[in-house]
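A.B. asks: Need the 3D shape of this:
(chains A, B, C and D, ligands or ions: 4)
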Amino acid sequence: MRHRVTPEENCEAVAAFERDILTPLAMSARLEPADLREMYARMRLIREFDTAVKELWKQDFIYGLAHSYVSAEAIAVGACAALRDGDYITSTHRGHGHTIAKGGDPRRMMAELMGRAPGYNKGKGGSMHIAAVDMGMLGATGIVGSAMPIAVGSALTAKTLGRDNVTVCFHGDGATNQGVWHESINLAAAWGLPVIFLCENNQWAISMPYEQAVGNPSVADRAVGYGIPGVTVDGFNAIAVHDAVAEAAERARTGGGPTLIEARFYRYIGHFVADDEAYRDPACNERWQQFDPIERMAGFLLESGSADKAWLDEADETALARVEDAIAFAKAAPEPALDTLYDGLYSDEFMAQQGIGR
Amino acid sequence: MRHRVTPEENCEAVAAFERDILTPLAMSARLEPADLREMYARMRLIREFDTAVKELWKQDFIYGLAHSYVSAEAIAVGACAALRDGDYITSTHRGHGHTIAKGGDPRRMMAELMGRAPGYNKGKGGSMHIAAVDMGMLGATGIVGSAMPIAVGSALTAKTLGRDNVTVCFHGDGATNQGVWHESINLAAAWGLPVIFLCENNQWAISMPYEQAVGNPSVADRAVGYGIPGVTVDGFNAIAVHDAVAEAAERARTGGGPTLIEARFYRYIGHFVADDEAYRDPACNERWQQFDPIERMAGFLLESGSADKAWLDEADETALARVEDAIAFAKAAPEPALDTLYDGLYSDEFMAQQGIGR
Amino acid sequence: MTATPTAEVQTRRLTVKQAINQTLREEMQRDPTIIILGCDVGVRGNPFGVTKGLYEEFGAGRVLDTPISEAAIVGSSLGAAATGLRPVAEILFSDWITIGMDQLVNQIAKIRYMFGGAISVPLVIRAPVGAGGGQAAQHSQSFENWFSAVPGLQVVMPSTPADVKGLLRTAIRSDDPVLFFEHKRGYEIKGQVPVEEYTIPFGLADVARNGSDVTIVAVSIMRHKALSAAEALAAEGVDCEVIDPRTIYPFDYDTVLASLQKTGRLVVVHEANRRSNIGGEIVSQVVERAFELLSAPPRIVAGLDVPMPYNRSLEALVIPDEARIRQAVLTVVGR
Amino acid sequence: MTATPTAEVQTRRLTVKQAINQTLREEMQRDPTIIILGCDVGVRGNPFGVTKGLYEEFGAGRVLDTPISEAAIVGSSLGAAATGLRPVAEILFSDWITIGMDQLVNQIAKIRYMFGGAISVPLVIRAPVGAGGGQAAQHSQSFENWFSAVPGLQVVMPSTPADVKGLLRTAIRSDDPVLFFEHKRGYEIKGQVPVEEYTIPFGLADVARNGSDVTIVAVSIMRHKALSAAEALAAEGVDCEVIDPRTIYPFDYDTVLASLQKTGRLVVVHEANRRSNIGGEIVSQVVERAFELLSAPPRIVAGLDVPMPYNRSLEALVIPDEARIRQAVLTVVGR
Ligand SMILES: Cc1ncc(C[n+]2csc(CCOP(=O)(O)OP(=O)(O)O)c2C)c(N)n1
Ligand SMILES: Cc1ncc(C[n+]2csc(CCOP(=O)(O)OP(=O)(O)O)c2C)c(N)n1
Ligand SMILES: [Mg+2]
Ligand SMILES: [Mg+2]
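C.D. replies: Ligands and ions are numbered 1, 2, ... in the order given. Below you'll find the model as predicted:
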């Protein structure tokens, strides 16, 4: 049954990852150097954004619960680089990265995290419910696994209306043990819906190691039971994630149905901004940090000649500047007026008819 | 998407079943001729019982919803023949067969189905909630899949208290698409619990054919994702079911954890006692009836010399007589007194303390 | 227009079941974004026959038989509604909406608000409620009050063919989620239904009978039991006004208060068990709004606080009947 | 013995969180059939620290970290309870009990009754309720009324260390299922707790303050807000009696009615939103039982009918505070 993960186990896990999962970044037939640079810029933007979020939370500008996407940047960015306008994504409780990857505006995001009126959710959602619906980002959720059927439903819309759009359903390894995860994948498989189930397997669900939460630690193996393709990719490798998602998306757009992709990596930061991580050996994180997806991407941009050092430095500065700008915007933004409390509870027509909030 | 099953598809299904699943009955190292005779007797008792239930429902002695176990007799009887006292089973909405197979008393069962006081549930449960807890039969349920975690919990008790008992969790193919099915199997797999998940795959969930409800029509294939053994057996063959369950039970008793067994067969009767089956071609049933599990068992008893014609005839008469006796008992049994309405709502101590029902 | 068709409008006699089927068909013909999904709604046309013929008319792409996955049925309906469809999902017995409870309560009800109004959720969940006769504890419940307690949802519970048609049409056209509860014992109830297209707004009660002594608020098919009780009571010289709220949220308290102006006496009747259910809510709202109108303590006639027993005589004890309604009315008039 | 320890008994000062932890430890030491299960209850000792040290003391076999499978957590607890264990399951935020709703409402609550009393279900489900500060719509709810409406369940909701300890012990020893709701903002509340073993029976309210003008029934941590409002009101010459029901079902109406004999005025305070929740139920029960005792219409001070917004100032608008309690009290006394 449950036991504390030993340093030895962790070292073995690292070795196994290097042996079985880790794949060097390589040029993709689907990506131009410009695409790679854009991917790097977004990964860096996510990193700066969530690094700032942690500080802002400590300073109480951001409150409630906030979960950082640091260490997972390659996944959201790799996946969204394979999508088009009109495609959808669903998210998790860790939604900042997904939002930025899908093109969300850092100003409106930061404003939302600070609960301000110009925020994406008008201050009603905060970090756990950040949504950029105009970008096709259907929103973060505070309940593990709960976005799965929403993704399936958006794919049902595409199929019903004859659109060739796809939906990427991001979810954590912990979500794979929720009943609705199973129901959603089976339904999508039975109906051949254009949805890509992308599992961010960071090997932990708060204090629960994935291999102790399941009978088989391979998420991709589960695809067999649903009769859909299942693949495992290096979740620290944005290009590998991109290619897997692009292939699945092509299949989905042409009626090939859903795919289950497991992006295996490791959460080498705390579960949420104030996690003391007492449930695991701090040394573990260091062992995994060597795979930092952003450093790997930077290295590849240089060695592949897709970018030079100067470009990287500028990109890093730009990312930092955009986050500082977003923070300044958010801090200066007004709180929602108290009389907006009921706004959005029902459609305006119904609200008016019933006199709600008056 | 959903389409009516064509006669051609059905013929192919029959052919595939004969090719891939159907296995001739054969002597089992684990079963004496006397065991085989007892199994036959119980199968016949189930058949007679549920044949009578249908009539009694039409005559309104039994009301509400009643689901017949006819065509599935080999599964409950085969499985329970591999169990010991102290082992548990959980059931479905189709629980008469499970109850009889686990040693339930036809009198108390029939009384319950007629809503009488001496019934197993004192008239409060009826067919859909028939339970014989004293026999380790933890009750039928009207909600598809809902007994799955109950089975897991009973196995957790065995493990926690160091008992070597196992639980057989009967469920239908339709239940395999419920979220709780997934959560339950994963939990049992993660914890290595002594439970045998036995899927009665009769290929239909009311009007929904299994192959149209899933992406992969093999239930056993799903075991891979959970890291547990998965096997498919001929669900019309009581001995094959017995052997599969016996092997899984031995593994479970010795700490080997759960097994997923798919007993593939076909519901060649209506879904419930009043089903018009307008959703499928009546000819289908006839094609499958050739595999009648009771006739096959009778044939094997004769050819293996485990019983002769005379014994079979007597066994058939005995089964019929026991059912007639149960019916007479139930019809003569009193209705529950109206002042028993609140009985059993809470423990007696609490009821008295709160003065409930007074 | 209002619920009770006036003499001029042309009407046809239908059962509640036919009214639902007809409304679904007409709305689906009108709007190609409407889909139906649920267990056995397609090829079988639903176990009660409610969706009969729709699979044949609209095809498998718009009338979807689902696996037995209530959480995914409810949750995928949300995803579909958020992205351009108008799903009408069915849960065969409302008792099992518990399986889709998280999607319904934590997603469907909240998503528009949580997202600052960025998403709208035009979806209907149809589900039969109430006891059907010997169906026992897991096939007989009425959960309207649970959902009335959840901001973001609408709860509709009509019991005449005309009301069912007008309110189901409003539900399907609503841009907000609706729980549409049909009583499984009400499907065969017959009545005149306007031939012309019409809708009935939510939050408008129907005064099914005018009276001056006692106001009876009767939910779902209790409307019909209240009416027959009222006839009997009239013979005893007690003149009851019977109000069918038709929608539980929004709830039309104005019509109830107007009635209490005349009667000063209130009896609430519902099939759900007494404790912590809609009867208590109605009484508390009335007391808060019009305490001074009450000349006697209101009475609630409700299901008894037990799971529904299988045995028929026990079941009959649990469900409110004319005798218990009569008794409550006589109590509030002090007889 | 009663909730409020009298002078003689020896006491120790504890927080609510410590009281829960201590009770779990003491009961697990006493009874080897008690197990704890839930997400992060073991190695991490629960995110709030409630189960700290129990994994180390009792081992992985009795303090079980589960996968994120609430339906299986709740359902397997039933199976375990039905066969010889006494599970204490945890749902980290009560908002998500929706995921185990079917097991809880259709199995746990009904199985003893449905089976004619053949099975008993000694299990406790612990879950934090209420707003925790900026946790928004899916981490802030209070569902006590839902479960009060379900025959077969018991609902317990204390907010002082001494009450929490006495009632959790009673819950663990109960042979019937108990929902034990802890307020996430109440964990750090301190108070004297008897050192001697004691239990508090369900269905016994605590009169937290004696008063003669108005009866305030305050649920969970609203008890504390009601008490401070009462102090302020005393200065204004309004003498409030504050009653903490402690258990929602069974509910101690006798104590409330006894108080109303003195005051004739009732204010109910709870954090759950107003509509179709426990306030309405309490008012309706009081009105049914003691209409004549009421000299003014009862008032309910409750959460506003919206999903909990993230923004702090909006959240503060939603949750009842001393000012709103005071306003309601002044209204019922006609000031
Ligand atoms: C249904 C539900 N159960 C429990 C929680 C508490 N919780 C929040 S995040 C989390 C871990 C989720 O793990 P995973 O899905 O792997 O995502 P990760 O945090 O690792 O990215 C848990 C248990 C929750 N939010 N929802
Ligand atoms: C949760 C739930 N959804 C739907 C139903 C309605 N229903 C009753 S039996 C049944 C089919 C079950 O199919 P399966 O599990 O294969 O069992 P079978 O009847 O074939 O033996 C359905 C859909 C139900 N009882 N519970
Ligand atoms: Mg994880
Ligand atoms: Mg089946």
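
A.B. asks: Look at residue C:5 and report its pLDDT.
C.D. replies: Looking at residue C:5, its pLDDT reads 50.

A.B. asks: Distance check, the closest residue to residue C:57 other than its chain neighbours against ligand 3.
C.D. replies: Closest residue to residue C:57 apart from its sequence neighbours, by C-beta to C-beta, 6 or more residues apart in numbering or on different chains: residue C:25 at 6.8 Å. Bear in mind the C-beta positions are built from the backbone N, C-alpha and C, glycine included. Relative to ligand 3, residue C:25 is positioned 47 Å away (C-beta to the ion, to the nearest Å).

A.B. asks: Can you say which helix or strand has residue C:25 in it?
C.D. replies: Using DSSP states H and E, residue C:25 sits within helix C:16-30.

A.B. asks: and the angle from the helix or strand immediately after that helix in the chain to helix C:16-30?
C.D. replies: As assigned by DSSP H and E, the chain's next helix or strand after helix C:16-30 is strand C:34-38. With axes from the mean of the first three to the mean of the last three C-alpha atoms, to 10 degrees defining the directions, strand C:34-38 sits at 130 degrees from helix C:16-30.

A.B. asks: Tell me the buried residues in whichever helix or strand comes after strand C:34-38?
C.D. replies: For strand C:34-38, the following helix or strand on the C-terminal side (DSSP H and E) is helix C:54-58. Buried positions in helix C:54-58, judged by neighbour count with 16 or more other C-beta atoms under 10 Å in any protein chain shown: C:54, C:55, C:58.

A.B. asks: List the beta-bridge partners for the residue lying closest to the first one once chain neighbours are set aside.
C.D. replies: It stands for residue C:54. With sequence-adjacent residues excluded and distances taken as C-beta to C-beta, 6+ apart, residue C:54 is closest to residue C:63, at 4.8 Å. Counting by DSSP bridges, residue C:63 is bridged to residue C:36.

A.B. asks: who touches residue C:63 in this structure?
C.D. replies: C:35, C:36, C:37, C:41, C:42, C:51, C:54, C:55 (C-beta atoms under 8 Å, 6 or more residues apart in numbering or on different chains).

A.B. asks: who touches the closest residue to residue C:189 other than its chain neighbours in this structure?
C.D. replies: Spatially, and ignoring its direct neighbours in sequence, residue C:189 is nearest to residue C:16 (5.0 Å; C-beta to C-beta, 6+ apart). By C-beta under 8 Å, 6+ apart, the residues touching residue C:16 are C:159, C:160, C:161, C:164, C:182, C:186, C:187, C:188, C:189, C:191.

A.B. asks: Please identify which of those is nearest to residue A:15.
C.D. replies: Ranked by distance to residue A:15 (C-beta to C-beta), the contacts of residue C:16 are led by residue C:182 at 60.3 Å.

A.B. asks: Can you pull the phi and psi angles for the closest one?
C.D. replies: phi -110, psi 140 (degrees, to the nearest 10).

A.B. asks: Now it: closest residue in space, sequence neighbours ignored.
C.D. replies: Leaving aside its chain neighbours, residue C:182 sits nearest to residue C:128 (5.1 Å; criterion: C-beta to C-beta, 6+ apart).

A.B. asks: how many other residues sit next to that neighbour?
C.D. replies: Residue C:128 has 24 neighbouring residues, counting by other C-beta atoms under 10 Å in any protein chain shown.

A.B. asks: just checking, it touches residue C:185?
C.D. replies: No: assessed by C-beta atoms under 8 Å, residue C:128 is found out of contact with residue C:185, at 9.0 Å.

A.B. asks: Tell me the one of the buried residues of helix C:54-58 nearest ligand 2?
C.D. replies: Lowest distance from ligand 2 to these (C-beta to the nearest ligand atom) belongs to residue C:55, with 16.4 Å.

A.B. asks: Near ligand 1, which residues of the stretch 1-150 of chain A are found?
C.D. replies: A:93, A:94, A:142, A:143, A:144 (C-beta under 6 Å from any ligand atom).

A.B. asks: so which of those would you say is closest to ligand 1?
C.D. replies: The closest of those to ligand 1 turns out to be residue A:144 (C-beta to the nearest ligand atom; 3.7 Å).

A.B. asks: and that closest one, that's in a strand?
C.D. replies: No: assessed with DSSP: H, G, I helix; E, B strand; the rest coil, residue A:144 is coil; it does not lie in a strand.

A.B. asks: you'd agree it is up against residue A:94?
C.D. replies: No: taking contacts as C-beta under 8 Å, residue A:144 lies outside contact range of residue A:94: 10.4 Å.

A.B. asks: what's the closest non-adjacent residue to residue C:228?
C.D. replies: residue C:322 (5.7 Å).

A.B. asks: And for the one you found, the neighbour number?
C.D. replies: Residues lying near residue C:322 (other C-beta under 10 Å) number 17.

A.B. asks: tell me the contacts of it?
C.D. replies: C:225, C:228, C:229, C:232.

A.B. asks: what separates it from residue B:265, distance-wise?
C.D. replies: 49 Å (C-beta to C-beta, to the nearest Å).

A.B. asks: quick check, nearest of the contacts of residue C:63 to residue D:210?
C.D. replies: After measuring the contacts of residue C:63 against residue D:210 - C-beta to C-beta - the closest member comes out as residue C:37, at 58.0 Å.

A.B. asks: Can you report how many residues lie near that closest one?
C.D. replies: Based on other C-beta under 10 Å, the number of other residues close to residue C:37 is 25.

A.B. asks: And residue A:358, what's its pLDDT?
C.D. replies: Reading off the model, residue A:358 has pLDDT 76.

A.B. asks: Equivalent analysis for residue C:8, please.
C.D. replies: We have a pLDDT of 78 for residue C:8.

A.B. asks: what about it, which SS state?
C.D. replies: coil.

A.B. asks: Run through the residues that contact it.
C.D. replies: So residue C:8 contacts nothing (C-beta under 8 Å, 6+ apart).

A.B. asks: same question, residue C:253
C.D. replies: With contacts defined as C-beta under 8 Å, 6+ apart, residue C:253 is in contact with C:285, C:286, C:289.

A.B. asks: who wins for neighbours among those?
C.D. replies: Compared across the contacts of residue C:253, residue C:286 has the highest neighbour count, 25 neighbours, by other C-beta under 10 Å.

A.B. asks: what's the distance between it and residue D:272?
C.D. replies: Relative to residue D:272, residue C:286 is positioned 20 Å away (C-beta to C-beta).

A.B. asks: Then residue A:72?
C.D. replies: Separation of residue A:72 from residue D:272 (C-beta to C-beta): 36 Å.

A.B. asks: before we move on, what about residue C:298?
C.D. replies: For residue C:298, the distance to residue D:272 - C-beta to C-beta - is 23 Å.

A.B. asks: Excluding covalently adjacent residues, which one is nearest to the residue in the stretch 1-150 of chain C that ligand 4 sits nearest to?
C.D. replies: Closest to ligand 4 within the stretch 1-150 of chain C is residue C:68: 9.6 Å, counting by C-beta to the ion. Take residue C:68 and drop its neighbours on the chain: the residue closest to it by C-beta to C-beta, 6+ apart is residue B:174, 4.6 Å away.

A.B. asks: just checking, the one you found touches residue B:181?
C.D. replies: No: counting by C-beta under 8 Å, residue B:174 does not reach residue B:181; the two are 9.7 Å apart.

A.B. asks: Out of the contacts of residue C:63, flag the one nearest to ligand 2.
C.D. replies: Closest to ligand 2, out of all of the contacts of residue C:63 and judged by C-beta to the nearest ligand atom, is residue C:41, at 11.1 Å.
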